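1. take this sequence and fold it.
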Amino acid sequence: MAVVRSGASKFAKPLEEFATSGSRATSELAADATVVRQAVETKSLVKAAEDAAYRVGTGAKLKRGEVLEIIKSIARDPSKVKYQGASLGRAISKNYRKTFLDANPNLQGEVVVHHAAERQIWERFPSIVAADEEHSLQNLRGIPKALDNLLHKVILRYEWDEFYETHPQPTRQQVLDYVSYIDRKYGHLFNPPIGE
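-> Numbering: from 1, shown residues only. Predicted coordinates for the structure are as follows:
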């Protein structure tokens, strides 16, 4: 049996290693392998988030260390995510759920609508953001209902508390940069997803 295993390993080169050996076709294989690997990693991160969300949904109270472990298990490396960054638009209505669902009608009943730059920004720092930017489509994210207790109420709360601690008087750009950071880190869990 060991002979079969060692013999098979000669032919079991990873696709990426094989694809880096020269021709244009092989470089395309390397790119395809990277995309496949990222898709698999994203699926495993989503599964980890669903498992943690179930635990939170059962009423488990999480300690700071547990929250950090969950973040580590579900977050992407923000530096590796392609995303142009967050922005704010102008809302024509204060009905942010309707604004989001009009733009994403297939998500009706599937998501909780979340403000990327959270609503406390407008309460704490009204001078750095305009009132009509709060409910703009650009500031809205869909969080799958199954992940709401964990992502929306634990992890994003933790992230924003960290932001307020380190930025007692943030600038508008610091807020947008932090929204971009959160989008890069957790955007794969939003629906529709953010970042590649």
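2. how about the helices in this protein?
-> Using DSSP state H, the helices of the chain run over residues 2-11, 15-19, 24-57, 64-74, 96-103, 120-124, 156-166, 172-186.
3. list the contacts of Lys145.
-> Taking C-beta atoms under 8 Å, 6 or more residues apart in numbering as the criterion, Lys145 is in contact with 110-112. Every residue, glycine included, has its C-beta placed from N, CA and C.
4. can you list the low-confidence ranges for the chain?
-> Filtered on pLDDT under 70, the chain yields the residue ranges 1-60.
5. so what's the residue count around Asn149?
-> Number of residues near Asn149 (other C-beta atoms under 10 Å) recorded here: 19.
6. state the distance from it to Gly142.
-> 15 Å (C-beta to C-beta, to the nearest Å).
7. excluding sequence neighbours, find me the nearest residue to Ala86.
-> Val179 (3.9 Å; C-beta to C-beta, 6 or more residues apart in numbering).
8. typo on my end, Phe163
-> Tyr178 (5.2 Å).
9. repeat for Ile182
-> Setting aside the residues directly before and after it, Ile182 is nearest to Glu159 in space (C-beta to C-beta, 6+ apart), at 5.8 Å.
10. now do the contacts for the one you found.
-> Glu159 sits next to 178, 182, 185 when contact means C-beta under 8 Å, 6+ apart.
11. most neighbours, which of those residues?
-> For the contacts of Glu159, the largest neighbour count, defined by other C-beta under 10 Å, is 24 neighbours, found at Ile182.
12. mind listing what that residue touches?
-> Neighbours of Ile182 in contact, by C-beta under 8 Å, 6+ apart: 116, 156, 159.
13. for those residues, which one is nearest Asn191?
-> Ala116 (13.6 Å; C-beta to C-beta).
14. right, and the closest one touches Leu140 too?
-> Yes: contact between Ala116 and Leu140 holds when scored by C-beta atoms under 8 Å: they sit 6.9 Å apart.
15. hang on, the earlier thing: separation between the residue nearest to Ile182 and Arg90?
-> Note on Glu159: its distance to Arg90, by C-beta to C-beta, is 26 Å.
16. identify the bridge partners of the residue lying closest to His152 once chain neighbours are set aside.
-> Closest residue to His152 apart from its sequence neighbours, by C-beta to C-beta, 6+ apart: Ile143 at 5.1 Å. For Ile143, the beta-bridge partners under DSSP bridges are Val112.
17. correct me, but Ile143 touches Leu189?
-> Yes: between Ile143 and Leu189 there is a contact at 7.3 Å, judged by C-beta under 8 Å.
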